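[1] sharing a model prediction with you, sequence too.
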Amino acid sequence: ETGVTQSPTHLIKTRGQQVTLRCSSQSGHNTVSWYQQALGQGPQFIFQYYREEENGRGNFPPRFSGLQFPNYSSELNVNALELDDSALYLCASSPDWASGNTGELFFGEGSRLTVL
Amino acid sequence: QKEVEQNSGPLSVPEGAIASLNCTYSDRGSQSFFWYRQYSGKSPELIMFIYSNGDKEDGRFTAQLNKASQYVSLLIRDSQPSDSATYLCAVKGSARQLTFGSGTQLTVLP
């Protein structure tokens, strides 16, 4: 069984640029969530995708956007990067959200973004 | 008031002692509660989840839940240096996502 994989693992961008982060969910999981974790903080919820539809969003501006594909993989796009966007971006998958599962998340290793 | 609050620590315990980690939450509609462990530079990994009042034990770990007090805790018995990490409390409330606390850094001293 393949776990959650993310790419790239590290990247450096400059302020104002755009970035795309990618995530492959764990086999059998159709729900993908994205979290931002700043240094010394807990993960902050960005949004969640279920069967290719966004079905939950945290307190992040519209320049944070995402997609989920038919194979349940996902992308996070961030436009007009700001210095405060520097963080570890975590993708997590979970079994069918609608089936009453308890909600545990399985995380990938993350993509560490540095904005200069 | 933060939705999920944890003692920020750091917490230091000697090897073999019991480490006690605490978490409170604000959403009374919360249904499921999770403890994740995160080593420095790594992603969170699930240790335990609990959704009924009382205690749940798994090896050296015990999760305790008191919904009336909106309180959840994690006890680590016979603490080992390999338990040194940040422990994140996460709560699934009336919203669809997990909400995390800021974590408690635990150091187990040999």
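    Everything's here; your move. Residues are numbered from 1 along each chain as shown, chains lettered A, B, ... in the order given.

[2] name the element the most centrally placed residue in chain A belongs to?
    In chain A, the centroid-proximal residue (Cα atoms, centre = their mean) is A:Trp34; its distance is 2.7 Å. Secondary structure assigned from DSSP states H and E places A:Trp34 in strand A:31-37.

[3] I'd like the distance from that strand to the chain centre, please.
    Mean C-alpha position of strand A:31-37 versus that of the full chain (Cα atoms, centre = their mean, to the nearest Å) differs by 4 Å.

[4] for the nearest residue to B:Ser82 once chain neighbours are set aside, list the residues it contacts.
    Sequence neighbours aside, B:Val108 is the residue nearest to B:Ser82 in space, at 7.8 Å (criterion: Cβ to Cβ, 6 or more residues apart in numbering or on different chains). All C-beta spots, glycine's among them, are computed from the backbone N, C-alpha and C. By Cβ atoms under 8 Å, 6 or more residues apart in numbering or on different chains, the residues touching B:Val108 are B:12-15, B:17, B:19, B:79-84.

[5] which regions of chain B sit below the pLDDT cut-off?
    By pLDDT under 70, the weakly predicted segments of chain B are B:1.

[6] run the last query once more with 90
    Low-confidence segments of chain B (pLDDT under 90): B:1-2, B:7-9, B:27-32, B:41, B:51, B:92-98.

[7] and it, which of its residues are near chain A?
    Counting by Cβ under 8 Å from any Cβ of the partner chain, chain B comes close to chain A at B:4, B:31-32, B:34, B:42-46, B:49, B:51, B:88, B:90, B:92, B:95-103.

[8] list buried residues within these.
    Buried members of those, counted by 16 or more other Cβ atoms under 10 Å in any protein chain shown: B:4, B:32, B:34, B:43-44, B:49, B:88, B:90, B:92, B:95-103.

[9] ok so, going back, the helix or strand following the strand holding A:Trp34 packs against which elements?
    Counting by DSSP H and E, the next helix or strand C-terminal to strand A:31-37 is strand A:44-50. Helices and strands touching strand A:44-50, by 3 or more Cβ pairs under 8 Å, 6 or more residues apart in numbering or on different chains; DSSP states H and E, are strand A:31-37, strand A:53-57, strand A:64-68, strand B:98-100.

[10] near chain B, which residues of chain A are found?
    Residues of chain A found near chain B (Cβ under 8 Å from any Cβ) are A:33, A:35, A:40-45, A:48, A:55-56, A:58, A:88, A:90, A:97, A:102-110.
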